[in-house]
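*Asks:* fold the following for me, if possible:
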Amino acid sequence: MMNVCNTSTLDPYVPNAEKPWNRHRAIHLFRRLGFSADLETIDDALIKSPAECVDDLIDQAIQKPVTDPPEWADYTLLDFESFEKNIDDFIYWRPMWMRDLYNNGPRDKMALFWMSHFVTEFGAYLCAPAGYHYLKCLQENALGNFREFVRKIGLEASMLIYLNGNQNTKQQPNENYARELYELFTLGRDNGYTQNDIQETARALTGYIVVPCPAVSFIPALWDDGEKTIFGRTGKWGYDDVIDILFEEKAEIIANYIGQKVYKHFVYADQPDEVIINGLAVTLLANDFELAPVLRQLFKSEHFFDDTIIGTQIKSPVELSLGIWREMGFEITDDALEPLTNVNDFLGQVVFQPPNVAGWPGHRSWISSSFLRSRWQVGNLFVASIFENDRERFRTFAKDLTNNSKDPEFITATLIDHLTPNGFENSDAYNRAAVAFKIEIPQGYFDSGAWNLDWDEAPYQVASLILYIIRQPEFQLI
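*Replies:* As a prediction, this is how the structure comes out:
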């Protein structure tokens, strides 16, 4: 997983004989910008140029409607039968987002990314409508203007409660949100601000309360109307002034910080390329903090499609679980949504509940001795569940992927190359996988050409091979 020298730039990737636009690179795009894709989607993408494909994905993401509001979306806590009913309703609703993550990959991949940036924890505010409106804010702004995103997220009930903004008053200033606004959301730790800036900002952010949740109100009597000095500018600043001053005085720092966050999450976490990050920052500034131009530049770039980038990240639990279904072309039924959510919880990615204000650490933190075994078990569970409900899908999957080949070694290699970013390490690894595919069928049937994918055993063979692939380290990469 070491990133060897990558001298590719942010110039658009232009396919050539050495670096063709093929399934290998197309699925790389869908894995990073979404939650992978089935064979039909990949083949459709190959009809277009890489740039056209990226533009289509981002345009579609921008145009996607938000997750359908539950019936209680505009309730207050007073409208629920009980406080416990409010919590139960949210727990039962949360799996509905799995469908949108599956169907609306790029938009909701971005929303999930921001959930780990603009962190709140449902367990801290326990207000179902606030949870829905938090997700709605993430989805609506995921590819929009970052400055306005920052402005809006800070007045979400979930954020005001989580970071004590609703307890921040003229009489008793609370610095929590002001500190995280700079340290985690816009500038980075100890980067361009002082403790005095935090204290003065906290005063400017006073006056907002959440009663009854999720109703947010501004109470002038709780706002500090005195003069504050923030980043060297003095005035009777309020909430909107803080955001404006921050983005006027610290624009370059913000652009670099967000460029790095995007790069590390979607491209390469271990060794951020400062030249590329600086280029993304320049684009963010040139477009007045609009995010879509930055994403278009990054995902169209020769740097993103360079061989040294493919297969260098570790799948998150959501990428792992949804990717299994998408790459095999299996539709997710309503009955599968709750188990999918529970599986991600089990593997350490509890949506709406990151571990702390810094979000999910990601990348290597997803792998440990216990988590790795659990990831295998999850793969076993999904494959067994799909096989039980529709075993013929495995036969169809293999036929479609291999053009109904009769060659077991070719079928094995094709499935491996489809389900892993860079295939297996060497020919011996492919040979061992072929043994798993052949199961106990005598070799003579393969040698004579008598065997084919219409055999009764074929769905079980394909499922056995997929289970074998899932247990290999290469499958954990993206």
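
*Asks:* CA atoms for contacts and neighbours, from now on please.
*Replies:* OK.

*Asks:* find the nearest non-adjacent residue to Ile209, please.
*Replies:* Asn166 (4.4 Å; CA to CA, 6 or more residues apart in numbering).

*Asks:* contact partners for that neighbour?
*Replies:* 160, 207-210 (CA atoms under 8 Å, 6 or more residues apart in numbering).

*Asks:* swap in 10 Å and give it another go.
*Replies:* Going by CA atoms under 10 Å, 6 or more residues apart in numbering, Asn166 touches 155, 157-160, 174, 177, 205-211, 216-218.

*Asks:* equivalent analysis for Asn86, please.
*Replies:* Contacts of Asn86 by CA under 10 Å, 6+ apart are 72, 75-80, 126-129.

*Asks:* wait, which of those is closest to Thr341?
*Replies:* Ala128 (17.0 Å; CA to CA).

*Asks:* low pLDDT regions in the stretch 51-200 of the chain?
*Replies:* Scanning the stretch 51-200 of the chain for pLDDT under 70 picks out no residues.

*Asks:* and the helices in it?
*Replies:* Applying DSSP state H, counting those that start in this stretch to the stretch 51-200 of the chain gives helices spanning 83-93, 96-103, 105-115, 122-125, 128-141, 146-153, 157-162, 176-180, 195-204.

*Asks:* tell me which of the ones you listed is the most buried.
*Replies:* For those, average neighbour numbers computed from mean count of other CA atoms under 10 Å are highest in helix 157-162, which has a mean of 25.

*Asks:* now do the domain split for the protein, please.
*Replies:* 23-63+251-300, 317-476 (automatic domain parsing).

*Asks:* looking at those, which is nearest to Tyr134?
*Replies:* domain 317-476 (9.1 Å).

*Asks:* just the element for Val383, please.
*Replies:* For Val383, the host element (DSSP states H and E) is helix 369-390.

*Asks:* what's the average pLDDT for that helix?
*Replies:* For helix 369-390, the mean per-residue pLDDT is 89.

*Asks:* can you check stretch 238-255 too?
*Replies:* Here the average pLDDT along stretch 238-255 is 98.

*Asks:* picking that back up, deepest of the domains of the chain, which one?
*Replies:* Of these, domain 23-63+251-300 is the most buried (mean count of other CA under 10 Å), at a mean of 20.

*Asks:* first-to-last residue distance for that one?
*Replies:* 16 Å (CA to CA, to the nearest Å).

*Asks:* hang on, the earlier thing: among the contacts of Asn166, name the ones in strands.
*Replies:* 208-210, 216-218 (DSSP state E).

*Asks:* packing partners for the helix holding Val383?
*Replies:* helix 317-327, helix 334-346, helix 392-402, helix 458-470 (3 or more CA pairs under 10 Å, 6 or more residues apart in numbering; DSSP states H and E).

*Asks:* send the alpha carbons of the first one over as CSV?
*Replies:* As requested, the backbone C-alpha atoms of helix 317-327 are provided in CSV (Å, rounded to 0.1, in the frame of the first residue of the first chain):
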residue,chain,number,x,y,z
PRO,A,317,-17.6,-0.6,6.5
VAL,A,318,-20.2,1.2,4.4
GLU,A,319,-18.0,0.9,1.3
LEU,A,320,-17.4,-2.8,2.1
SER,A,321,-21.0,-3.7,2.7
LEU,A,322,-22.6,-1.7,-0.2
GLY,A,323,-19.8,-2.5,-2.6
ILE,A,324,-20.5,-6.3,-2.2
TRP,A,325,-24.0,-5.8,-3.4
ARG,A,326,-23.3,-3.3,-6.1
GLU,A,327,-20.4,-5.1,-7.8
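
*Asks:* identify the residue nearest the spatially most central residue of the chain in space, chain neighbours excluded?
*Replies:* In the chain, the centroid-proximal residue (CA atoms, centre = their mean) is Lys109; its distance is 3.7 Å. Nearest residue to Lys109, sequence neighbours excluded (CA to CA, 6+ apart): Gly34, at 5.5 Å.

*Asks:* got the contact list for that neighbour?
*Replies:* 27-28, 57, 101-110, 266, 319, 322-323 are the contacts of Gly34 under CA under 10 Å, 6+ apart.

*Asks:* one step back: of the contacts of Asn86, which is the nearest to Ala413?
*Replies:* Of the contacts of Asn86, the one sitting nearest to Ala413 (CA to CA) turns out to be Ala128, at 47.0 Å.

*Asks:* how close does the closest one get to Asp306?
*Replies:* 43 Å.

*Asks:* could you check how many residues crowd around Tyr193?
*Replies:* 18 (other CA atoms under 10 Å).

*Asks:* that one contacts Tyr182, doesn't it?
*Replies:* Yes - proximity of Tyr193 to Tyr182 meets the contact threshold set by CA atoms under 10 Å, at 7.4 Å.

*Asks:* overlap of the contact sets of those two?
*Replies:* Going by CA under 10 Å, 6+ apart, residues that sit against Tyr193 and also against Tyr182 are Leu246.

*Asks:* what about the nearest residue to Gly311 once chain neighbours are set aside, distance to Leu138?
*Replies:* Closest residue to Gly311 apart from its sequence neighbours, by CA to CA, 6+ apart: Ile478 at 4.6 Å. Going from Ile478 to Leu138 by CA to CA gives 24 Å.

*Asks:* gap between Glu440 and Ala384?
*Replies:* 19 Å.

*Asks:* er, Val294 I mean
*Replies:* 41 Å.

*Asks:* same question, Ile441
*Replies:* Taking CA to CA, one finds Ile441 at 21 Å from Ala384.

*Asks:* cool, Ile254 as well?
*Replies:* Distance from Ile254 to Ala384, by CA to CA: 47 Å.

*Asks:* swap in Cys137?
*Replies:* Applying CA to CA to Cys137 and Ala384 gives a distance of 37 Å.

*Asks:* now Asn196: closest residue in space that isn't a chain neighbour?
*Replies:* Closest to Asn196 by CA to CA, 6+ apart is Ile230, at 8.0 Å.

*Asks:* what is the burial count for that neighbour?
*Replies:* The burial count for Ile230: 23, using other CA under 10 Å.

*Asks:* got the contact list for it?
*Replies:* Contacts of Ile230 by CA under 10 Å, 6+ apart are 193-194, 196-201, 204, 237, 241-242, 245-246, 249.

*Asks:* with Asp79 instead?
*Replies:* Per CA under 10 Å, 6+ apart, neighbours of Asp79: 72, 86, 212.

*Asks:* tabulate these (TSV), appending distance to Thr312.
*Replies:* Formatted as TSV, the contacts of Asp79 follow (distance: CA to CA, whole Å):
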residue	distance to Thr312
Trp72	42
Asn86	41
Pro212	46
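
*Asks:* out of the residues you listed, who's nearest Glu302?
*Replies:* The closest of the contacts of Asp79, once distances to Glu302 are taken by CA to CA, is Trp72, at 46.0 Å.

*Asks:* my read: that closest one touches Ile87, true?
*Replies:* No - the pair Trp72 and Ile87 fails to qualify as a contact (CA under 10 Å) at a distance of 11.5 Å.

*Asks:* who touches both of these two?
*Replies:* Joint contacts of Trp72 and Ile87 (CA under 10 Å, 6+ apart) are 80, 128-129.
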